[in-house]
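Colleague: using only what follows, build the 3D model:
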Amino acid sequence: SDPYNADVSLTPDSSSATYKKKLMAGILEKMKAVTDNRSIPLVLLIIPHPMDVLNGVHDSGEVDRNAYPEYRPAALTDFLQHAAGEYKIANVNLFDTFQQHDAAKLYFSGGDDHWNELGQAAAAEEVANYLMSQELLTE
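Modeller: Coordinates of the predicted model:
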C-alpha cells in the first residue's frame with residue numbers, strides 16, 4: 001500500500017498539506033523544464049486513491065467525515081490537475097473516469113490500494129482517447 005496523503009484531502013489548509021502541495025508543484029515544474037529542454041512530450045496521469053473515488057471508504061481505510069468536515073474526495077486529483085495546468089503540462093485526471101465506472105472493481109481489495117487490470121484498462125482507454133484527441137500521437 002502506498003501512503004495516503006490524508007492531510008491534503010482532510011485538512012487542506014494545514015501546514016503539512018501546504019508544504020506537500022508546494023513540493024509537488026516544484027516537482028512538476030522541474031519535470032516540465034527537463035522534458036521541454038530535451039523536447040520530450042509529457043503527459044501527467046493523475047490516478048485517484050480508491051478511498052477518494054469510492055467516497056471515503058475502501059479496504060485500505062475510511063474517512064471519518066465527522067472528524068474531518070473539510071474532506072473533499074477530489075482534493076488531491078484536483079490539486080494535481082490545477083498544478084499541471086499552471087505549468088502547461090498535458091494531463092489526464094482519472095477521478096471522473098473511475099467514478100463513471102464501477103470504481104470498486106478497478107482496485108485490488110484486502111487493503112491493497114493499487115489499481116487492478118480493469119483499472120489499468122480503463123485508464124489506458126482514457127489516455128489513448130486523450131492522446132488522439134490532442135493529436136499527441138505521431139507515427
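Colleague: and Ala83, how close does it get to Asn5?
Modeller: To Asn5, Ala83 is 14 Å away according to Cβ to Cβ, to the nearest Å. Just so you know, the C-beta spots here come from the backbone N, C-alpha and C atoms, and that holds for glycine as well.
Colleague: which of the two has more neighbours?
Modeller: Between Ala83 and Asn5, counting by other Cβ atoms under 10 Å, Ala83 is the more crowded of the two (21 against 17).
Colleague: what strand or helix carries that one?
Modeller: Assigned by DSSP states H and E, Ala83 falls within helix 75-86.
Colleague: other SSEs contacting that helix?
Modeller: If you count contacts as 3 or more Cβ pairs under 8 Å, 6 or more residues apart in numbering; DSSP states H and E, helix 75-86 packs onto helix 6-10, helix 15-37, strand 43-46, helix 50-53, strand 90-93.
Colleague: contacts for the longest one next, please.
Modeller: Outside of helix 15-37, the residues that reach it under the criterion Cβ atoms under 8 Å, 6 or more residues apart in numbering are 5, 7-8, 11, 40-42, 44, 79-80, 83-84, 86-89.
Colleague: per-residue pLDDT, Val57?
Modeller: pLDDT, Val57: 69.
Colleague: reformat the helices and strands packed on helix 75-86 as JSON lines; add mean pLDDT.
Modeller: Shown next, in JSON lines, are these (pLDDT from 0 to 100):
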{"stretch": "helix 6-10", "mean pLDDT": "88"}
{"stretch": "helix 15-37", "mean pLDDT": "96"}
{"stretch": "strand 43-46", "mean pLDDT": "96"}
{"stretch": "helix 50-53", "mean pLDDT": "86"}
{"stretch": "strand 90-93", "mean pLDDT": "97"}
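Colleague: before we move on, back to that, of the contacts of helix 15-37, which is the most crowded?
Modeller: Busiest of those [other Cβ under 10 Å] is Leu80, holding 24 neighbours.
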